[in-house]
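> Mind looking at a prediction? Sequence and model below.
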Amino acid sequence: MKNSEPETFGAHSRRTFLKSLGTAAATAATAQVTSVAAELEKVNIEKVVGPNAVPVTLKVNGEQLRLLIEPRVTLLDALRNYSSHTGPKEGCDRASCGACTVLINDLPVYSCQKLAIEAQGVEITTIEGVAQDGKLSKVQQAFIEKDALQCGYCTPGFVMSVTALLNRNPHPTAEDVKHACAGNLCRCGCHPHIVQAALTAAGIEHAAKTEVVNHA
């Protein structure tokens, strides 16, 4: 004869056990919904900025730069068109050539892809801030010695990328240099000389590779 008493798990019946599981799931779901709602409310109450010009303060090469610009203005445009920092160049304007590279807290960043309003409260270094007291840095001097430039348009971006590399890795290999400069493009084809310049700046001896073509 089948027992009419409910199956038990310790001191709890099957029905009580299943009800407790449902209650726990409902409680967890409610907590999740409440959390999402709180986050949405937080986003919705954030202050809307723009579209008109707003005050923006940038710290560029150790100095405060106070501007009145629209929130849509990129860091590159703010530097070039609203101040005297014209070292970063506008090449592709789509994060492909690296001519606009600056350092933000010592990390290389495409300034054409970052809004100026988002670059507040950080240390920004442009090519103008690399030389100290009118003296070229080791990287800048090496670029000159190794003839690592032709038209020079891309050079500021390469200098910034190499400077960032040597700041975090004082003794790089040629492969390290190539990797660090992978986001920079030299249309003049100076890449081999740029690698030599980076190694020279790091004080690493290297042999320049020269290809000899014999014409029959």
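Thanks, I have it.

> Mind checking the pLDDT average for stretch 71-88?
For stretch 71-88, mean pLDDT is 97.

> And that stretch, end to end?
Length of stretch 71-88, first residue to last, Cα to Cα, to the nearest Å: 20 Å.

> Next, the residues that contact it from outside, please.
Outside stretch 71-88, the residues that touch it by Cβ atoms under 8 Å, 6 or more residues apart in numbering are 49-51, 54, 56, 58, 60-61, 65, 67, 69, 90, 93, 99-102, 111-119, 124, 126-128, 156-157. In this view, the C-beta of every residue, glycine as well, is placed from N, C-alpha and C.

> now swap in stretch 102-118 and tell me
So stretch 102-118 is contacted by 49, 54, 56, 58, 67, 69, 71-79, 88, 90, 92-95, 98, 100-101, 119, 122-126, 160-161, 163-164, 167-168, 180, 183 (Cβ under 8 Å, 6+ apart).

> List the buried residues in that stretch.
Buried residues in stretch 102-118, counted by 16 or more other Cβ atoms under 10 Å: 102, 103, 104, 108, 109, 110, 111, 112, 114, 115, 116, 117.

> Please produce TSV containing the residues you listed, extended by distance to residue 176.
Below are these laid out as TSV (distance: Cβ to Cβ, whole Å):
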residue	distance to residue 176
102	21
103	17
104	21
108	14
109	19
110	20
111	23
112	25
114	25
115	31
116	31
117	34
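
> Quick check: the farthest pair among those?
Pairwise distances across these (Cβ to Cβ) peak at 20.5 Å, for the pair 108 and 117.

> per-domain residue ranges of the protein.
Split into domains by automatic domain parsing, the chain comes to 48-129, 130-205.

> Which helix or strand contains residue 65?
strand 63-69 (DSSP states H and E).

> How far does that strand sit from its chain's centre?
Put simply, strand 63-69 sits 21 Å off its chain's centre (Cα atoms, centre = their mean, to the nearest Å).

> same question, stretch 77-95
With Cα atoms, centre = their mean, you get 16 Å for stretch 77-95.

> same question, stretch 76-88
18 Å.

> re the thing from before, any quick ChimeraX command for the buried ones out of the contacts of stretch 71-88?
This is how ChimeraX selects the buried members of the contacts of stretch 71-88, with burial counted by 16+ other Cβ under 10 Å:
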select :56,58,60,61,65,67,69,90,99,100,101,102,111,112,114,115,116,117,119,124,126,127,156,157
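
> Show me the contacts of stretch 71-88 that map onto strands.
54, 56, 58, 60, 65, 67, 69, 101, 102, 124 (DSSP state E).

> For the last one, which non-adjacent residue is closest in space?
In space, not counting the residues next to it along the chain, residue 124 is nearest to residue 60; the distance is 4.8 Å by Cβ to Cβ, 6 or more residues apart in numbering.

> Now residue 138. Nearest residue, chain neighbours left out?
The nearest residue in space to residue 138 (Cβ to Cβ, 6+ apart) is residue 201, at 4.3 Å.
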